[in-house]
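Participant: below are the sequence and a predicted model; questions follow.
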Amino acid sequence: MKRLLRMVLTGILVLSAQVYSRAGTACPEDGTPWEDLLDRYELICRQCLDLRKRKDAGEDIPSRKLLVLVDELEQLREELRGVTDKMPPAARRRFEAIRRMYASGKYYNTRPLEATSIPLPVTCSAPSTPPAILPQRPGTPVPGNRYPSFLAVSASAVAPEWAYGLLVSHWSRKWGWYAAFRSNYSFHRTAYDALSDGTAGTTRIWTSGTSATNRLFITAGPTLRLGKNWGVSGGLGYGFRRLCWEDSEGNWMRIADASSSGLCAEAGVSWFHPRFTLSAGWLSILPACHSASVSIGYCF
């Protein structure tokens, strides 16, 4: 892909050198369709600028488009071979304008203004044609916005006591948002509370030896983009980690001194490719139940 894009850029530079090196005295019109040739040359330059901007933004460029540009450049070079020294002054001025536009990397009008015999007032300026901007694919960054917005949907997991779920995030040029749900989808109805020393109040509890852990995390908050391919996020929500034991009669009890519930806080960092995102963070049910989280997803 990089080799094809390099071939297109090199082809434009070679074509520019081919014409520029043969600049000479003005020659009369020889029937060559200079306007059509220059229109094609300008279109190729604009398409190349568009591909270069999309490449700099991290987008994958289909090789088919680059091959088409290489073929068009080669065909244009063949048509210009041997006739560039006959280019009339007006056509050469437009060629220079196209070359300067491509070198600057900015779109603007390259056609000269039509001469008019009507004198213009001193306070008026000659009309200008707005620059022709090629249509762009949806999601292509526009000039001035280096970081296009996108939505990411990720599968997320929490460890060391595993919980799984979904994380949805929206990333824009600066601020965005995220929301996440994770659980081990194990929910036990408990009859009473007990302590990890095997007592419930003044009563000694006999257990069956069976235990279970219930986990749930629901968080949401802002995201902050710090660069082209990475950003940070942080949020608050609700969560619980509940340790349950089964007694000898088959009733479940919640072990109060080994369980936590209430305010849940999360912080993380994300890296994103044009199509994929990877996140890692820290999740805590305040004040003392801490977990690590990891997410991988797809960008839309």
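Facilitator: Ah, there it is. Residues are numbered from 1 along each chain as shown.
Participant: list the buried residues in stretch 223-235.
Facilitator: With burial defined by 16 or more other Cβ atoms under 10 Å, the residues of stretch 223-235 counted as buried are 223, 225, 231, 233-235. For glycine as for every other residue, the C-beta is placed from the backbone atoms N, C-alpha and C.
Participant: oops, could you answer that again for stretch 59-77 instead?
Facilitator: Within stretch 59-77, judged by 16+ other Cβ under 10 Å, the buried ones are 59, 61, 65-66, 69-70, 72-73, 76.
Participant: of the residues you listed, which is the nearest to V168?
Facilitator: Comparing the buried residues of stretch 59-77 against V168 with Cβ to Cβ places E59 closest, at 22.5 Å.
Participant: what pLDDT does that closest one get?
Facilitator: With respect to pLDDT, E59 scores 80.
Participant: hang on, the earlier thing: name the nearest of the buried residues of stretch 59-77 relative to S261.
Facilitator: For the buried residues of stretch 59-77, the residue nearest S261 by Cβ to Cβ is E59; the value is 44.9 Å.
Participant: quick check on that closest one: phi, psi?
Facilitator: For E59, the backbone dihedrals are phi -80, psi 140 (criterion: degrees, to the nearest 10).
Participant: I'd guessed it sits against P274; true?
Facilitator: Yes: the criterion here is Cβ atoms under 8 Å, and E59 meets it with P274 at 5.6 Å.
Participant: which residues in this protein form strands?
Facilitator: 150-159, 163-171, 175-183, 192-194, 199-200, 203-204, 207-225, 230-247, 252-255, 260-272, 276-285, 289-299 (DSSP state E).
Participant: gap between F181 and S259?
Facilitator: 20 Å (Cβ to Cβ, to the nearest Å).
Participant: likewise for L66?
Facilitator: In this view, L66 and S259 are 60 Å apart by Cβ to Cβ.
Participant: what's the answer for V168, then?
Facilitator: Here V168 is placed at a distance of 29 Å from S259 (Cβ to Cβ).
Participant: quick one: contacts for I285?
Facilitator: Contact analysis of I285 by Cβ atoms under 8 Å, 6 or more residues apart in numbering lists 217, 239-241, 260-264.
Participant: which pair of these spans the longest distance?
Facilitator: R241 and L263 (12.9 Å).
Participant: quick one, which of these two is more surrounded?
Facilitator: Shown here are R241 and L263; by other Cβ atoms under 10 Å, R241 has more neighbours (21 against 12).
Participant: quick one: contacts for the more buried one?
Facilitator: Residues near R241 by Cβ under 8 Å, 6+ apart: 161, 213-215, 259-261, 285, 289.
Participant: with Y185 instead?
Facilitator: Neighbouring residues of Y185 by Cβ under 8 Å, 6+ apart: Y164.
Participant: switch the cut-off to 6 Å
Facilitator: Neighbour list for Y185: empty [criterion: Cβ atoms under 6 Å, 6 or more residues apart in numbering].
Participant: dihedrals phi and psi, it?
Facilitator: Per-residue torsions, Y185: phi 60, psi 40 (degrees, to the nearest 10).
Participant: distance of it relative to L216?
Facilitator: Note on Y185: its distance to L216, by Cβ to Cβ, is 9 Å.
Participant: and if you look at D56?
Facilitator: Distance of D56 to L216, given as Cβ to Cβ: 43 Å.
Participant: which of the two has more residues huddled nearby?
Facilitator: It is L216, of D56 and L216, that has more neighbours when counted by other Cβ under 10 Å, with 22 against 12.
Participant: report the beta-bridge partners for the nearest residue to the more buried one once chain neighbours are set aside.
Facilitator: Distances taken as Cβ to Cβ, 6 or more residues apart in numbering put S183 closest to L216, at 4.6 Å, once the chain neighbours are dropped. Assessed by DSSP bridges, S183 has beta-bridge partners Y164, L216.
Participant: kind regards, and thank you for your time.
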